[in-house]
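S.K.: A structural model of the following input is requested.
(chains A and B)
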Amino acid sequence: MTHWIVAPIILPALVAPFIVLAARYHIGIQRVLSVAGVVALIAVAASLAWQAADGKTTLYQMGDWAAPFGIVLVADRLSTMMVLLTSVLALFVLLYAIGSGWDDRGRHFHALFQFQLMGIMGAFLTGDLFNLFVFFEVLLIASYGLMIHAGGNARLKAGVQYVLFNLIGSTLFLFALGSLYAETGTLNMADLAQRVALIGPEETVGIRVAAVLLLLVFAIKAALVPLHFWLPSSYSEAPAPVAALFAIMTKVGAYAIIRVYTMVFPPELESTAGLFDVWLLPAALVSLALGIMGVLAVKKLDRLVAFSVIGSMGMVMISISLFTPEGIAAALYYIVHSTLAGATLFLISDLVRTGRANLDLTPQPVIAGNALTAGLYFAAAIAMAGLPPFSGFLGKLLVLDAAYDSALMIWIWAIVLSSGLISIFGFARAGSILFWKAHSVETDEDRGLGVRPAALSYVAVGGLITLLAAHTIFAGQVHGYTTKMAAQLFSPEPYISQVLETPGKLSKPKEGDH
Amino acid sequence: MELLVASAIGVLTAGGIYLTLRLRTFPVILGISLLTYAVNVFLFTSGRLTVGAAPILQDGIDAYADPLPQALVLTAIVISFGMTAVVVMIGLGAFLGSDDDHVDDLPGEQSQTDESASEGTS
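M.R.: Numbering: from 1, shown residues only, chains lettered A, B, ... in the order given. All right, here's what the predicted structure looks like:
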């Protein structure tokens, strides 16, 4: 039964080469295999989440080698929830890619998609920092391929920027790992937690450098200002389904911060005191403000969505940087919301593009399916802007509530509340130009209304919005669960003892054991 | 030996950062290669510098070399090599497509709001 933990990594890793080797020239077979793989992934992820729901931490030792010598995969509440979120998002994104025909505009979409899933799943499940680096690279190299899927000069150019930025990030990650290893002699997270706590207050120089470098790396992934520069170009130039899948990638950074800094550098640790309230919180506030200003300033719909993603990551990071159980619980609730809302908006921007020459925010003739697309945009935009009745509103309330005791409480409240107002303006401006002003422009008789997006595309977008609605309706239960999750994160002792005390194949039997 | 290795890492990193700050694809890729060399040596030294020490436990030996950083470096080398190959291909594609090897967005090429994106690699 414990072998199931490795299934979310193994399954896409097997499906992907099978697609390349066996179904290379048959897009139909590729689609069937890919969807079947993702559906199976959802089943596995749901059962893992179910298994972890009672607070049990499950361990998988690769090759039966005991930690910290072997690599371990760990499934607890947080990692299984992220795995489930990723697999559900992947299904809708995949349905959209098939419905809109994006997967047929270049080669190997489905294989790269599966490899990308493999990397994301591995990053969520691993209990070892070097292994986290390896899975980051797996997901990145697949994302390079997906990012330039279907080609085109603008996309290739944005792809070069994206790849170069991430290469620098990877180099920084290695520097962080090297200094961490030099200080502690281990890279297993549970082992690190024990050893970092033992370092005396006078010898913390190295470990502080390592902690800051690691935070920088994860902040690049999470697109925190001033490390967000890679995001707007690459997300808006990437094919829409790929950008929608990338909505989970910024959350990988947020996840890594939550995981590493609750366990290895807990809030009571003296050597990293001030890292969150002095540095991360202001950066997160600036991210939110800058993202929302971007929403108001941009002249293209896809960039608008990219900046709203930066803003919502700012909100997530504000909540994380409070570094209290309430803050983390609110952040986890908001992470689910922001992933779904961001992905939905990217897909909707592609629905708009289907009927228009470009995504410039200028009045252009009415697109086919105008009313339906406009309705979906309306729902997704109020979710992203954080208006009732959608989950963005509840998430924002939770963040505000968690920030009530913070020293910067006035700043947080002011920026969060005013950013909500400004983003409403931004989304309303874009929506009214795209969908309402279109009626004042004469339709070109020869062109007609353009192509109508496929029904499957609408199903995928509708499905994501239904998930957002469910996330709102069951907010009580979800937030209750994320609160339990945060409690588990802030008392990592069971996790640490589970990882370090489970014997492997060469462990000597302990005294007292039979 | 420590001084030699440390200054080698420093020089490689400095050269790498200088080249990365150029705005053309080729110097930037070279710079990133230099940075990966620097980080590989850095990882290698994170297990401390020892000469002629045994990596595997044996009876009657006190001084050991740490074998783990070497395994880490091997992984890092493979990954960075693969990534460099990928970025060379994508960069070449972008250059051949647009006849322009600037890494940043040129002013006026896109709308004004794109300025924030261009600073990322400049």
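
S.K.: So which residues on the stretch 301-450 of chain A come close to chain B?
M.R.: The stretch 301-450 of chain A comes close to chain B at residues residue A:303, as judged by CB under 8 Å from any CB of the partner chain. In short, each C-beta sits where N, CA and C put it, glycine included.

S.K.: Run through the stretch 301-450 of chain A and note the low-pLDDT ranges.
M.R.: Scanning the stretch 301-450 of chain A for pLDDT under 70 picks out the ranges A:444-450.

S.K.: To which secondary structure element is whichever residue of it sits closest to chain B assigned?
M.R.: Across the stretch 301-450 of chain A, no residue is closer to chain B than residue A:303, which sits at 6.5 Å (CB to the nearest CB). Secondary-structure element containing residue A:303, defined by DSSP states H and E: helix A:301-322.

S.K.: Surely residue A:115 touches residue A:16?
M.R.: Yes - here residue A:115 reaches residue A:16: they are 4.9 Å apart, a contact under CB atoms under 8 Å.

S.K.: count of residues packed around the residue of chain A found nearest chain B?
M.R.: Using CB to the nearest CB, the closest approach of chain A to chain B is made by residue A:229 at 2.5 Å. Using other CB atoms under 10 Å in any protein chain shown as the criterion, residue A:229 is surrounded by 20 other residues.

S.K.: The longest helix that chain B contains vs chain A: in contact?
M.R.: Of all the elements of type helix in chain B, the one with the most residues (DSSP state H) is helix B:68-98. Yes - against chain A, helix B:68-98 shows contacts by CB under 8 Å from any CB at B:68-69, B:72, B:75-76, B:79-80, B:82-84, B:86-87, B:90-91, B:93-94, B:97-98.

S.K.: can you list the weak-confidence ranges in chain B?
M.R.: Within chain B, the stretches falling below the threshold (pLDDT under 70) are B:106-122.

S.K.: Secondary structure element holding the one residue sitting closest to the centre of it?
M.R.: A centroid search over chain B (CA atoms, centre = their mean) returns residue B:36, at 2.0 Å, as the residue closest to the centre. Of the helices and strands defined by DSSP H and E, residue B:36 is found in helix B:25-45.

S.K.: So which elements touch that helix?
M.R.: helix A:153-184, helix B:2-20, helix B:68-98 (3 or more CB pairs under 8 Å, 6 or more residues apart in numbering or on different chains; DSSP states H and E).

S.K.: quick one: the first one to helix B:2-20, angle?
M.R.: Comparing the axes of helix A:153-184 and helix B:2-20 via axes from the mean of the first three to the mean of the last three CA atoms, to 10 degrees yields an angle of 160 degrees.

S.K.: Next, the buried residues of helix A:153-184.
M.R.: Buried residues in helix A:153-184, defined by neighbour count with 16 or more other CB atoms under 10 Å in any protein chain shown: A:154-184.

S.K.: all helices in the stretch 401-514 of chain A, in order from the N-terminus.
M.R.: In chain order, the stretch 401-514 of chain A shows helices spanning A:409-431, A:455-473, A:475-490, A:493-501, with DSSP state H, counting those that start in this stretch as the criterion.
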